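Trainee: with the sequence up front, the predicted model follows.
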Amino acid sequence: MDNNTSSKAPQEVDPSVINHILKYFFNPGTFGKHLTDVGFDVTHLTKTKKETMQKAEDTLLKLAEKFNKMEVTEDVKQHQDTYENMKALSDEFYRTIPHLPTVQQIPIEREEHINSKFSLIQNVNYALDSFATINSTKPSGDFLQSLYKNLQFDIKPLSKDSPSYSTIKEYGDINSQAANSTISVEVTDIFECSLKEGKDSKQEAPETTNKILLWYGDRPSSYAGILAQGFQHKSRSLNRGQPFFSLSDSVIKSLSYCYLERGDPQGFLLLCEADLGELKEVQNYQDLETIGDVKSAKVTGKLSPKPETEKTLDGNVKVPIGKVEMSNEDAKILYNDYLVYNADQIRLRYVVRFSLKPATA
């Protein structure tokens, strides 16, 4: 088995191997850009506390509750009392979270407005995790090596001679061959992640039988927070019920959540072992309201990897290798969406680097 929880003190890592990842994920300029993209005034980041973020999330949940009580076709402005209440809650949210001066502070009254603010909260929380780890790092020689020792995970290159390497590369290369894609994607490096001794045991390997290797895509600044303190912050969305972690069997879908710049030569995804337990499959997000208390759910997309080419890793972890192709024309979304509801169901296994090039005809 290539990946076990470490039982030894972390070894010194060759800076030429790991520092590229740390520079990319923990880059202050990257942090600034990604938080600016979601409307946050990054000049206030060092003064922002977790309690502030929790207060903002509580306010947003009250807004969401007001919104959910209306019919889908209703305009909130037709209900003056509700509208005034949502406007007051919106003002409270803007007072709590420092936004860029260029952000128009309009009432948060539509589904897309509420979801975008949930995304802002998640991104800022991961940035706070990263900065807390940076600030607690006591430099001893190379700062990046000192920072590395302060992370949750040991990271090392996966040997290209390893059977796991060929399986994961095949998963990434074949899975990314999407029709009409504007980019050509190829796995260039795979880094194995293992939990350091003494860190949170919930990141250890799940013990159930329904395990699958899935992609997790996000802004690199959020990856920094995950490497620093693990999967701490669930996503929220009005149409997806309870808070969740979203994983995918599609490289292209996952890369879209990284918000890469046009022309970026590389991108990173996290590859996670997900303990799905008894998986509940539905055809659209609205059906999630009816699934009850489950560990995970799958919203079926139009496109899926070919099931006949699926492989396994470590004997019992499914790897959905296969070109993504049409499998369900009646589906409401394009790609499968796996929603996992607890962090202890997710084990970070690999960081995968891809080269990105314009697709050729």
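Mentor: Thanks, I have the structure now. Residues are numbered from 1 along each chain as shown.
Trainee: pLDDT score for the closest residue to Tyr285 other than its chain neighbours?
Mentor: Nearest non-adjacent residue to Tyr285, counting by CB to CB, 6 or more residues apart in numbering: Asn239, 4.3 Å away. Every C-beta, even on glycine, is put in place using the N, C-alpha and C of the backbone. Predicted confidence (pLDDT) for Asn239: 81.
Trainee: secondary structure class for Asn239?
Mentor: Under DSSP: H, G, I helix; E, B strand; the rest coil, Asn239 falls in the helix class.
Trainee: and the top helix by length along the chain, what does it pack onto?
Mentor: Assignment by DSSP state H gives helix 111-135 as the longest helix of the chain. Helices and strands touching helix 111-135, by 3 or more CB pairs under 8 Å, 6 or more residues apart in numbering; DSSP states H and E, are helix 28-37, helix 50-68, helix 220-229.
Trainee: okay, those helices in TSV with mean neighbour count next?
Mentor: Shown next, in TSV, are the helices and strands packed on helix 111-135 (neighbours: other CB atoms under 10 Å):
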stretch	mean neighbour count
helix 28-37	16
helix 50-68	17
helix 220-229	24
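Trainee: save the ones you listed as TSV, and put in mean pLDDT and distance to Leu270 too.
Mentor: Putting the helices and strands packed on helix 111-135 into TSV (pLDDT from 0 to 100; distance: least, CB to CB, whole Å) gives the following:
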stretch	mean pLDDT	distance to Leu270
helix 28-37	88	16
helix 50-68	93	22
helix 220-229	94	7
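Trainee: show me what contacts the residue nearest to Tyr285?
Mentor: By CB atoms under 8 Å, 6 or more residues apart in numbering, the residues touching Asn239 are 111, 285-286, 288.
Trainee: out of those, which sit inside helices?
Mentor: Short answer: those in helices (DSSP H) are Glu111.
Trainee: can you select the buried ones among the contacts of Asn239 for me in PyMOL?
Mentor: Applied in PyMOL, the following selects the buried portion of these according to 16 or more other CB atoms under 10 Å:
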select buried, resi 285+288
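Trainee: pull the number of nearby residues for Lys280.
Mentor: 18 (other CB atoms under 10 Å).
Trainee: output whichever strand or helix holds Thr167 as CSV - backbone C-alpha positions only.
Mentor: Assessed by DSSP states H and E, Thr167 sits inside helix 163-175. The C-alpha coordinates for helix 163-175 follow below in CSV (Å, rounded to 0.1, in the frame of the first residue of the first chain):
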residue,chain,number,x,y,z
PRO,A,163,1.7,0.5,-9.7
SER,A,164,-0.3,3.2,-8.1
TYR,A,165,1.4,5.9,-10.3
SER,A,166,0.3,4.2,-13.5
THR,A,167,-3.3,3.8,-12.2
ILE,A,168,-3.6,7.4,-11.1
LYS,A,169,-2.0,8.8,-14.3
GLU,A,170,-4.3,6.7,-16.4
TYR,A,171,-7.3,8.0,-14.3
GLY,A,172,-6.2,11.6,-14.9
ASP,A,173,-5.2,11.4,-18.5
ILE,A,174,-8.1,9.3,-19.8
ASN,A,175,-10.7,10.9,-17.6
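Trainee: circling back: I'd like the helices and strands packed on helix 111-135 as JSON lines, with distance to Gln145 appended.
Mentor: Output for these, formatted as JSON lines (distance: least, CB to CB, whole Å):
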{"stretch": "helix 28-37", "distance to Gln145": "18"}
{"stretch": "helix 50-68", "distance to Gln145": "28"}
{"stretch": "helix 220-229", "distance to Gln145": "14"}
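Trainee: nearest to Thr137, of the ones you listed?
Mentor: helix 220-229 (9.9 Å; CB to CB).
Trainee: tell me the angle the closest one makes with helix 28-37.
Mentor: Per axes from the mean of the first three to the mean of the last three CA atoms, to 10 degrees, the angle that helix 220-229 makes with helix 28-37 is 120 degrees.
Trainee: by contact count, what packs against helix 220-229?
Mentor: Under the contact criterion of 3+ CB pairs under 8 Å, 6+ apart, helix 220-229 touches helix 15-25, helix 28-37, helix 111-135, strand 266-275.
Trainee: hmm, 10 Å instead?
Mentor: helix 15-25, helix 28-37, helix 111-135, helix 143-149, strand 153-157, strand 211-216, strand 266-275, strand 346-358 (3 or more CB pairs under 10 Å, 6 or more residues apart in numbering; DSSP states H and E).
Trainee: among the ones you listed, which is the most enclosed?
Mentor: strand 211-216 (a mean of 24; mean count of other CB atoms under 10 Å).
Trainee: pull that strand out as CSV, backbone CA atoms only.
Mentor: Provided in CSV are the C-alpha atoms of strand 211-216 (Å, rounded to 0.1, in the frame of the first residue of the first chain):
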residue,chain,number,x,y,z
LYS,A,211,-14.5,3.4,-1.1
ILE,A,212,-13.8,5.3,-4.3
LEU,A,213,-11.0,7.7,-5.5
LEU,A,214,-12.5,11.1,-6.5
TRP,A,215,-11.2,14.5,-7.5
TYR,A,216,-11.5,17.6,-5.4
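Trainee: what angle do it and strand 346-358 make?
Mentor: Using the same axes, to 10 degrees: strand 211-216 against strand 346-358 is 50 degrees.
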